[in-house]
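In: Provide a 3D model corresponding to the input given below.
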Amino acid sequence: MRSGGLRDRVTILKLSVAPDATGYEVETWATVAEVWGQLVEDKGSESLQNDRPIAFRRGSVYLRYRTDLTPKHKLKIRAVTWDIESVRTIENRSRTEGLEVVVRSND
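Out: Residues are numbered from 1 along each chain as shown. Modelled structure (predicted):
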C-alpha cells in the first residue's frame, strides 16, 4: 500500500464501559489509535425504517494492515463517525498489503 494515498487522519474507536460517580455503568467510545488512511465514499442512499426515509452514506477506508480492527470498532474521519460493516485483508503476491474497511454513517 502506497503511503502517498493515505491522506485522511483516521481515529479508531472502541466501546468501553466504566462506572460513573453514582455506580452506574456508562458506555463511551475511547480512542484506540490514530492512523493514516484513505476514505473513498460511495453514493449516498436512503432506506425506510418505521415507514420513514433514513439517509446514510457508505464508503471504503483503506488502512495499513492491523490485526486488532473488527466490526465492533468505529472509525472517525473528518468529524464523521463511521460504523464498520466488514474488514477485508488486501493481499498482493503472498504479501499482506493492508485492510479494506467497508463503513456506513448516518451523519
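
In: I'd like the mean pLDDT over stretch 17-33, please.
Out: Confidence for stretch 17-33, expressed as mean pLDDT, is 92.

In: Just the terminal-to-terminal distance for that stretch.
Out: End-to-end distance of stretch 17-33: 18 Å, with Cα to Cα, to the nearest Å as the criterion.

In: Quick check: buried residues in it?
Out: residue 32 (16 or more other Cβ atoms under 10 Å). All C-beta atoms are positioned from the backbone trio N, CA, C, and that covers glycine.

In: Look up how far residue 29 lies from the spatially most central residue of the chain.
Out: In the chain, the residue lying closest to the centroid (Cα atoms, centre = their mean) is residue 75, at 3.1 Å. Separation of residue 75 from residue 29 (Cβ to Cβ, to the nearest Å) stands at 11 Å.

In: joint contacts of the two?
Out: Common contacts of residue 75 and residue 29 (Cβ atoms under 8 Å, 6 or more residues apart in numbering): 13, 81.

In: count of neighbours near residue 53?
Out: Residue 53 is flanked by 8 other residues according to other Cβ atoms under 10 Å.

In: Could you measure from it over to residue 18?
Out: Residue 53 is 36 Å from residue 18, by Cβ to Cβ.

In: Tell me the pLDDT of the closest residue to the residue nearest to the centre of the chain other than its chain neighbours.
Out: Nearest residue to residue 75 in three dimensions, chain neighbours excluded: residue 82, at 4.6 Å (Cβ to Cβ, 6 or more residues apart in numbering). The score at residue 82 is 96. That number is its pLDDT.

In: Just to check, residue 82 is in contact with residue 103?
Out: Yes - between residue 82 and residue 103 there is a contact at 3.8 Å, judged by Cβ atoms under 8 Å.

In: Fine, thanks again, bye for now.
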